[in-house]
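Asks: need coordinates for the following:
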Amino acid sequence: MKVALRSVAAPVFNLHPRDPRLARWLEDYPPSLFSESLYQSIELMERYSIDLAIDLLARLNVLEQLDRLRSTRDLCDTLSFPSRFRSTLGWLLERLVETGCIEAQTENAERSYRLICSPWQPQCAELRAIALEIDSANAATLDLLDYAASLYPLVAVGKQNGEQGLFLPQGIALWLNYFHNNNLTYAVNNWLGAVVATNYLTTRSRLRVLEVGAGAGSASEILLRYLNERGLLPRLERYLITEPNAFFRRRGQRRLSQQYPNLPLEWGTLDMNLPWETQGIARGEFDLVYGVNVLHVAKDLLFSLAQARDALAPGGCLVISECVRPYLNQPMYPELVFQILDSFTDVDIDPEFRPNPGFLTADHWRHAFKRAGFEHTEVKPELDGIREIYPHFFTGAICGQRKT
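Replies: Got it, this is the predicted structure:
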């Protein structure tokens, strides 16, 4: 006989002021990079994804199975979920571990979960209203989170995969809004990457840039804007913007070629998982290889990093702006979308630098860059210090140089 569990009331969403020490960690960056509204938006998105996880675990009939410790393997077998859904289910459960409603134990490297109190009724409508008061552009992130959540029941029973659902026409429109530079919860990655890349390029007399996985060009747009503000565009000899998706690539090309008709901009395709030289990327050709939120989905991370290194001229730099995990196994709100994408989860794992699919910690990136042969690897800003005072700072730029 199951014992009735204590119910937990929904916690009121109260924003605590930012720790003033955060400003000191970010004093070398423009104040607009991490604004008060962005801080509030990220806090809101974290809570919103927890409430979505509560809703999904109830709809998937998982919560009623947690009267005793159960592993994701056991739960997927019981509920006839495909084995591929195990990591996704684990992510949902870990979100509720944060609430105290679920306890987790690890034995022989396997996590098991048990419900210890009934979670609150999700407050998604109320939280959405607060998010839009903070910044109306937050609708883009909320809409994509909601749409991804709506696909979970189909993915869980194997009727659809995430790629099929998220890249339908209605999904494409949501992605374009999400990646837009008006959406600060995403655009912060573009701005940080541009600041770090531009600071490096100021020392170069000529600028030859290769961008990988450019999508619809929102990161390219910010990099060009920042180069212009720093007076560096006259040094630009070549900017090759690559994106394998033809729709996104053409969209970015139309917009940027109109904005910058006199710049040496080129567009092409590049599959980072295949040898770059056979795709027209000559060795030693670029001063900067650049990417925003792309390298974490490389099938073989060391291979793709080595390809980027080889494309650089001696002393050239790889700069990637990434969603960085503050602590190992810490859930992060954007993962609710990406957990159902095979391209996010189906990657080669390594205990030293890639113990999990998806987003990595700053330490993992340092190890990966070192293993790939880069010198002077840095992670900016100083995320190891920042996480001690603010564990929801998810943006970092990793840069490393090719040996001169």
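
Asks: how close does Glu382 sit to Leu240?
Replies: Separation of Glu382 from Leu240 (Cβ to Cβ, to the nearest Å): 31 Å. Using the backbone N, CA and C atoms, a C-beta is placed for each residue, glycine as well.

Asks: those two: which has the busier surroundings?
Replies: Leu240 (22 against 14; other Cβ atoms under 10 Å).

Asks: which strand residues bridge that one?
Replies: With DSSP bridges applied, Leu240 shows beta-bridge pairing to Leu210, Glu266.

Asks: so it sits right up against Val212, yeah?
Replies: No: look at Leu240 against Val212 with Cβ atoms under 8 Å: they stay out of range, at 9.6 Å.

Asks: so where's the stretch 301-404 of the chain uncertain?
Replies: Along the stretch 301-404 of the chain, no part satisfies pLDDT under 70.

Asks: how about the helices in the stretch 51-200 of the chain?
Replies: 72-79, 86-97, 124-134, 139-156, 162-166, 169-179, 184-201 (DSSP state H, counting those that start in this stretch).

Asks: for the third one, what is the average pLDDT?
Replies: So the one you mean is helix 124-134. For helix 124-134, the mean per-residue pLDDT is 98.

Asks: in contact with Arg18, which residues?
Replies: Glu36, Tyr39, Tyr390 (Cβ atoms under 8 Å, 6 or more residues apart in numbering).

Asks: I'd like the helices of the stretch 51-200 of the chain as a markdown table, with distance to Gly316 and mean neighbour count appended.
Replies: Listed next are the helices of the stretch 51-200 of the chain as a markdown table, based on distance: least, Cβ to Cβ, whole Å; neighbours: other Cβ atoms under 10 Å:
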| stretch | distance to Gly316 | mean neighbour count |
| --- | --- | --- |
| helix 72-79 | 43 | 17 |
| helix 86-97 | 36 | 22 |
| helix 124-134 | 40 | 16 |
| helix 139-156 | 34 | 20 |
| helix 162-166 | 33 | 18 |
| helix 169-179 | 27 | 16 |
| helix 184-201 | 9 | 23 |
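
Asks: as TSV, the ones you listed with distance to Glu266 would be great.
Replies: TSV is the format used below for these (distance: least, Cβ to Cβ, whole Å):
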stretch	distance to Glu266
helix 72-79	45
helix 86-97	38
helix 124-134	39
helix 139-156	29
helix 162-166	28
helix 169-179	21
helix 184-201	18
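
Asks: which among these is found nearest to Leu227?
Replies: Among these, helix 184-201 comes nearest to Leu227, with 5.8 Å by Cβ to Cβ.

Asks: CA atoms of the closest one as PDB?
Replies: Coordinates of each C-alpha in helix 184-201 appear next as PDB, following Å, rounded to 0.1, in the frame of the first residue of the first chain:
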ATOM      1  CA  LEU A 184      19.300  38.400 -24.500                       C
ATOM      2  CA  THR A 185      19.100  35.000 -22.800                       C
ATOM      3  CA  TYR A 186      20.700  33.600 -26.000                       C
ATOM      4  CA  ALA A 187      22.500  36.700 -27.400                       C
ATOM      5  CA  VAL A 188      24.700  37.000 -24.400                       C
ATOM      6  CA  ASN A 189      26.700  34.100 -26.000                       C
ATOM      7  CA  ASN A 190      27.100  36.200 -29.200                       C
ATOM      8  CA  TRP A 191      28.200  39.300 -27.300                       C
ATOM      9  CA  LEU A 192      30.700  37.500 -25.100                       C
ATOM     10  CA  GLY A 193      32.300  35.700 -28.100                       C
ATOM     11  CA  ALA A 194      32.500  38.900 -30.000                       C
ATOM     12  CA  VAL A 195      34.200  40.800 -27.200                       C
ATOM     13  CA  VAL A 196      36.800  38.100 -26.600                       C
ATOM     14  CA  ALA A 197      37.500  37.400 -30.300                       C
ATOM     15  CA  THR A 198      37.900  41.100 -31.000                       C
ATOM     16  CA  ASN A 199      40.200  41.700 -28.100                       C
ATOM     17  CA  TYR A 200      42.400  39.000 -29.600                       C
ATOM     18  CA  LEU A 201      42.200  40.300 -33.200                       C
END
